[in-house]
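>>> task: produce atomic coordinates for the following.
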Amino acid sequence: MNLTLPDEPALASFDEAELKLELAVALFSSGRVSRSVAASIAGMDRFAFDEVLFLRRVPSFTTEMLEQDLASLPNRRSV
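Predicted coordinates for the structure are as follows:
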């Protein structure tokens, strides 16, 4: 896929890697792509992308994800 951007002075300071990262973070934070797809768009492994999300204070683990994880655990009783 090729993406053509307008010839705007504001975009001149960005290189391709920065634009890919911005796109990946925006798509992930809006819920349009998964974390692993966003990491791939940014050209990063998932752990490096998680660090970017953390530094930008973008939640990468939602309450819904936690509930799904907890629901998948076997029920255990305390003895």
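>>> make it CA atoms for all contacts and neighbour counts henceforth
Fine.
>>> buried ones in the longest helix along the chain?
Assignment by DSSP state H gives helix 16-29 as the longest helix of the chain. Across helix 16-29, burial judged by 16 or more other C-alpha atoms under 10 Å covers 20-21, 24-25, 27-29.
>>> reformat these as CSV; add distance to Ala71 and pLDDT.
Output for those, formatted as CSV (distance: C-alpha to C-alpha, whole Å; pLDDT from 0 to 100):
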residue, distance to Ala71, pLDDT
Lys20, 35, 96
Leu21, 33, 97
Ala24, 29, 97
Val25, 28, 97
Leu27, 27, 95
Phe28, 24, 94
Ser29, 24, 93
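>>> okay if I get those residues as a markdown table plus distance to Phe14?
Shown next, in a markdown table, are the buried residues of helix 16-29 (distance: C-alpha to C-alpha, whole Å):
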| residue | distance to Phe14 |
| --- | --- |
| Lys20 | 10 |
| Leu21 | 11 |
| Ala24 | 15 |
| Val25 | 15 |
| Leu27 | 18 |
| Phe28 | 20 |
| Ser29 | 20 |
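>>> now, the most widely separated pair of those?
Taking C-alpha to C-alpha, the two most distant members of those are Lys20 and Ser29; they sit 14.1 Å apart.
>>> and the lowest-mean-pLDDT helix or strand in the chain, C-alpha only, in CSV?
Lowest on mean pLDDT, DSSP states H and E among the helices and strands of the chain sits helix 63-72, with a mean of 80. C-alpha atoms of helix 63-72 as CSV (Å, rounded to 0.1, in the frame of the first residue of the first chain):
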residue,chain,number,x,y,z
THR,A,63,-11.0,-3.7,31.8
GLU,A,64,-12.8,-5.9,29.2
MET,A,65,-9.6,-7.8,28.5
LEU,A,66,-9.0,-8.3,32.2
GLU,A,67,-12.5,-9.7,32.7
GLN,A,68,-12.0,-12.1,29.8
ASP,A,69,-8.7,-13.3,31.3
LEU,A,70,-10.3,-13.8,34.7
ALA,A,71,-13.3,-15.6,33.2
SER,A,72,-10.9,-18.1,31.5
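>>> sounds good, over and out.
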